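Chemist: build me a model from this:
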Amino acid sequence: MVFAAMAEVEREFIHERTLIGLDIAAANGNHGGRPPAVDGDQLAVALRRRDAKESVTSIARHLGVGRSTLYRTLAAYDEAATTATPHVADH
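Modeler: Sure, this is the predicted structure:
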């Protein structure tokens, strides 16, 4: 019984230290996880080609990513662009 209580307390300490470490890493600009398959430069190329009416299949092939990846990336970009409302200053 005593060992179970000690183990539970130690587990709580580990959890707290992990959260502190994650907060420190995030404050330093480090975020865990897999890097995006399409970076900012590739997205810019994809958007220019899409505006030129090139097919997603062709764009994906050129960038070396899957069509579904490109569709998801473009959809996320479009969603962010539509939800971002420009700040209008009151005059």
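
Chemist: which residues in the chain form strands?
Modeler: With strands called from DSSP state E, the chain shows none.

Chemist: geometric centre of it: which residue is closest?
Modeler: Nearest to the mean C-alpha position of the chain, by CA atoms, centre = their mean, lies Pro36 at 6.4 Å.

Chemist: can you count the residues close to the closest residue to it other than its chain neighbours?
Modeler: Distances taken as CB to CB, 6 or more residues apart in numbering put Thr73 closest to Pro36, at 7.7 Å, once the chain neighbours are dropped. (Each C-beta comes from the backbone N, C-alpha and C, glycine too.) Neighbour count of Thr73, defined by other CB atoms under 10 Å: 21.

Chemist: show me the contacts for Thr73.
Modeler: Residues near Thr73 by CB atoms under 8 Å, 6 or more residues apart in numbering: 36-38, 43, 46.

Chemist: domains in this structure, by residue range?
Modeler: 1-32, 40-83 (automatic domain parsing).

Chemist: tell me how many other residues crowd Gly33.
Modeler: Neighbours of Gly33 using other CB under 10 Å come to 5.

Chemist: the helices in this structure, which residues?
Modeler: Secondary structure of the chain by DSSP state H: the helices cover 2-27, 40-51, 56-63, 67-83.

Chemist: deepest in the core, which of those helices is it.
Modeler: Of all the helices of the chain, helix 56-63 carries the top mean neighbour count, a mean of 15, counting by mean count of other CB atoms under 10 Å.

Chemist: tell me which other helices or strands it touches.
Modeler: Other helices and strands packing on helix 56-63, by 3 or more CB pairs under 8 Å, 6 or more residues apart in numbering; DSSP states H and E, are helix 40-51, helix 67-83.

Chemist: among those helices, which is nearest Asn30?
Modeler: Closest approach to Asn30 among those is made by helix 40-51 (17.9 Å; CB to CB).

Chemist: where does this protein dip in pLDDT?
Modeler: 85-91 (pLDDT under 70).

Chemist: one more time with 80, if that's ok
Modeler: 84-91 (pLDDT under 80).

Chemist: now the phi/psi pair for the residue nearest to the centre of the chain, please.
Modeler: phi -60, psi 150 (degrees, to the nearest 10).
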